[in-house]
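**Q** mind folding the following:
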Amino acid sequence: MVGICPGKIFRHYCMVPFGWKGIFEVVGVSAAGKYNIKEPVAKLQDENGNIKEVCLSQNWPVKIPIQAYAEKLMPLSPW
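**A** Predicted coordinates:
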């Protein structure tokens, strides 16, 4: 979690995008104010020194395929 933005009814959590892997350090945060959902509100630096921007809106996948198996086995019988 990068931060919290107050809303009318709920608190909105600014999260690191789902697909980003590794450890990140916050290197910049936008000043208090009004921002649209496409404007960056924070800058994060990854382990390799790359700077990435975090916006208020993110596309999260509905379903993520499970890859926690070495081989996908087909059932031998229906029961």
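
**Q** ok, the most centrally placed residue in the chain to E71 distance?
**A** In the chain, the residue lying closest to the centroid (CA atoms, centre = their mean) is P17, at 1.7 Å. From P17 over to E71 the distance is 30 Å, taken as CB to CB, to the nearest Å. Every C-beta, even on glycine, is put in place using the N, C-alpha and C of the backbone.

**Q** then I23?
**A** Counting by CB to CB - I23 and E71 are separated by 31 Å.

**Q** thinking again about what came up before, so the residue nearest to the centre of the chain makes contact with S57?
**A** No - with contact defined as CB atoms under 8 Å, P17 does not count as touching S57 (10.4 Å).

**Q** the strands in the protein, which residues?
**A** 3-6, 11-14, 25-29, 40-45, 51-55 (DSSP state E).

**Q** which one, of those strands, ends up nearest to W79?
**A** For W79, the closest of those is strand 11-14, at 44.0 Å, according to CB to CB.

**Q** remind me what that closest one packs against, helices and strands.
**A** Where contact means 3 or more CB pairs under 8 Å, 6 or more residues apart in numbering; DSSP states H and E, strand 11-14 is packed against strand 3-6.
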